[in-house]
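K.L.:
just need the structure, nothing else, for what follows:
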Amino acid sequence: MRMKKTKLVLVVITFVLLFSVPTASGTSQTPTCPSDPTVQEILNQVTEDAVTQWIRNFSGEDFVPIGVSQKKILTRHSYQLFNMNVNALAYPYLGEQLESFGYLLGTYLTDHSFSSSKVFESKEKLIRDWIGKDCDGLLSLDQIIAFPDKSYTWKNKIVTIPGHGPNADEIVLMTAHLDSTSTSPITNAPGAEDNASGVAALMEAARLFRFYKFDRTIKIIFFTGEEQGLLGSVAYVADYPEEMDVILGVVNLDMFGYDSNDDRCFELHVGTLADSNVVGTCFTDVINNYGLNLTYDYLTSGATGASDHASFWYAGVGAVEVLENYFDNSNIPGGCDGRDKNPYYHTTNDKIAEMNLPVTLSIAQAGIGTAASLAEPIGPCFAADPDITATANTNSILLTWPEVVDADVYNVYRSDTSCEGTFSQIAQVTANGYEDTNVELGTSYSYKVQAAETGAVCFSQMSNCAVAGLGEPVFFDFYIPLIIAGE
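P.N.:
Numbering: from 1, shown residues only. Modelled structure (predicted):
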């Protein structure tokens, strides 16, 4: 009898949560987002080729470097991501790529670990977890009750870009879930749209934001456990309660880019929090400011709670969810025409071939532009990028470049093949020059240099490529005449 009563309460609470949205806890004073030349500069560098390649890499289309091997990421199911499944190495690949951008592990690139016991330690968290990912309905009650019995320790990956202005203590979050699912989650869950699309947008943001200074701090967070009930974001909100008071807004990108009728329309789930409306209005401003040619359903009371943004709503934090045209909201003037749901959602056929890549690019740009606008860009990290020269000496190659104003250090990179080859960092120096003595005769080397600011995430663009070599070794042919004694 007691168990039956408990189940009834759970069902009622779940029903209420699914069909309601929290009310506002405060009113934001933040203005909407005006056009900004720095944001335009950032968006110009987000290309369809780059977004496409990230989606291909994370959805198993192409081999990617992981450690010393080349692997395909065939599934990103959370139970597989952290159990050494050789087909589910998305998390180490993610970390290696972010480290290659210059994010210092342990300082600006961190792991947030969470366990089943931590996520389910309070009734409040349980309620949030009961919101299933399937937008057509909740998970079954049996599945809900079973969740706490499953043991796991998973991780969220966090990139932190410290602010440089007077509002550096305020935070803008850009989020997406890394995990995927399908009918064969252990072996084949490509999740190209759900949610390699969001991951691709975050990777481009991480790649580009490091070249710019922002007033506010930006956190780029890759959640896991989303498909099991928003577990990663639930744990994050629970573990960082002090952060909730300083988050200006959350831009959550989950499943966008399917557009079979090519109407370039998507859904912006804003909810009814006043702070969420600030983020949503900024998003639509970005679309208009930078000519992204997108239309949308702007959803408030009818907004879904079935993604990681909802964890922030229940903490009173403004957040929006960016989604394909999943629902039929034909009653919204100027919005999407009917419903254009990806029929391959949560299947082994959620592949990039089914996506509309020009639309995917524009929505990714809108998300990146919104996060950048909310953080208020100050400008590039440095007024000029270094210009490197390489000169061959007898047994070394001397690299020089003009001093970059405000640079603390310079990272020196070398390729042993060509300017189109792979560059590896060989030194970090404080002076505007470096002598490479680890060279061999007969070999040409390609060099680049990057200025950086210590104590922050701020880099110049990579310099030009300079090539130098010590020439071919000299070999001497000796002719020894044969002297034959005369008769």
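K.L.:
per the record, what domains does the chain have?
P.N.:
2-379, 389-469 (automatic domain parsing).
K.L.:
just name the most buried of those domains.
P.N.:
Of all the domains of the chain, domain 2-379 has the most neighbours on average by mean count of other Cβ atoms under 10 Å, namely a mean of 20. Yep, even glycine has a C-beta here, placed from its N, CA and C like the rest.
K.L.:
ok now that one, how far from the chain's centre?
P.N.:
Distance, stretch centre to chain centre, for domain 2-379: 9 Å (Cα atoms, centre = their mean, to the nearest Å).
K.L.:
I'd like the domains of the chain as a markdown table, with mean pLDDT appended.
P.N.:
Shown next, in a markdown table, are the domains of the chain (pLDDT from 0 to 100):
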| stretch | mean pLDDT |
| --- | --- |
| domain 2-379 | 87 |
| domain 389-469 | 95 |
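K.L.:
ok, the spatially closest residue to Thr304 that is not a sequence neighbour - contacts?
P.N.:
Spatial nearest neighbour of Thr304, excluding adjacent residues (Cβ to Cβ, 6 or more residues apart in numbering): His269 at 5.2 Å. Applying Cβ atoms under 8 Å, 6 or more residues apart in numbering, we find His269 in contact with Leu299, Ala303, Thr304, Ser307, His309, Val320, Glu321, Val322, Leu323.
K.L.:
the first one contacts Phe266, correct?
P.N.:
So that's Leu299. No - Leu299 is not in contact with Phe266 according to Cβ atoms under 8 Å; the separation is 10.9 Å.
K.L.:
coming back round to it: nearest to Tyr345, of the contacts of His269?
P.N.:
Within the contacts of His269, the smallest distance to Tyr345 is 11.0 Å, found for Leu323 (Cβ to Cβ).
K.L.:
next, give phi and psi for the closest one.
P.N.:
phi -140, psi 150 (degrees, to the nearest 10).
K.L.:
list the contacts of it.
P.N.:
Counting by Cβ under 8 Å, 6+ apart, Leu323 touches Asp254, Met255, Phe256, Phe266, Glu267, Leu268, His269, Thr304, Ser307.
K.L.:
ok, what's across the strand from it?
P.N.:
Glu267 (DSSP bridges).
K.L.:
how close does it get to Gly102?
P.N.:
According to Cβ to Cβ, to the nearest Å, Leu323 stands 32 Å off from Gly102.
K.L.:
now do the SS call for Ala371.
P.N.:
Under DSSP: H, G, I helix; E, B strand; the rest coil, Ala371 falls in the helix class.
K.L.:
so it sits against Asn252, correct?
P.N.:
No - taking contacts as Cβ under 8 Å, Ala371 lies outside contact range of Asn252: 10.6 Å.
K.L.:
ok, now how distant is the residue nearest to Thr304 from Thr300?
P.N.:
Distance of His269 to Thr300, given as Cβ to Cβ: 9 Å.
K.L.:
please apply the same query to Gly60.
P.N.:
Counting by Cβ to Cβ, the gap from Gly60 to Thr300 is 37 Å.
K.L.:
what's the helix or strand for the one residue sitting closest to the centre of the chain?
P.N.:
Centroid-nearest residue in the chain: Leu202, 2.2 Å away (criterion: Cα atoms, centre = their mean). Of the helices and strands defined by DSSP states H and E, Leu202 is found in helix 197-209.
K.L.:
could you identify the helix or strand that succeeds that helix?
P.N.:
strand 212-214.
K.L.:
residues contacting the helix or strand that that following strand is followed by, please?
P.N.:
Heading C-terminal from strand 212-214, the first helix or strand you meet, by DSSP H and E, is strand 217-223. Contact with strand 217-223 is made by 94, 156-163, 168-179, 199, 202, 205-206, 209, 230, 232-233, 236, 308, 371, 375, as judged by Cβ under 8 Å, 6+ apart.
K.L.:
helices - which of these land there?
P.N.:
Among the contacts of strand 217-223, the members found in helices (DSSP state H) are Leu94, Val199, Leu202, Ala205, Ala206, Phe209, Gly232, Ser233, Tyr236, Ala371, Ala375.
K.L.:
residues in contact with the second one?
P.N.:
Applying Cβ under 8 Å, 6+ apart, one finds that Val199 lies in contact with Trp54, Ile55, Phe58, Leu94, Ala176, Leu178, Phe222.
K.L.:
tell me how far it lies from Phe256.
P.N.:
Taking Cβ to Cβ, one finds Val199 at 12 Å from Phe256.
K.L.:
other SSEs contacting the helix or strand hosting Glu41?
P.N.:
Using DSSP H and E, Glu41 maps to helix 37-44. Identification of packing neighbours for helix 37-44 by 3 or more Cβ pairs under 8 Å, 6 or more residues apart in numbering; DSSP states H and E yields helix 357-375, strand 377-380.
K.L.:
turn these into JSON lines, columns for distance to Glu453.
P.N.:
Formatted as JSON lines, these follow (distance: least, Cβ to Cβ, whole Å):
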{"stretch": "helix 357-375", "distance to Glu453": "17"}
{"stretch": "strand 377-380", "distance to Glu453": "12"}
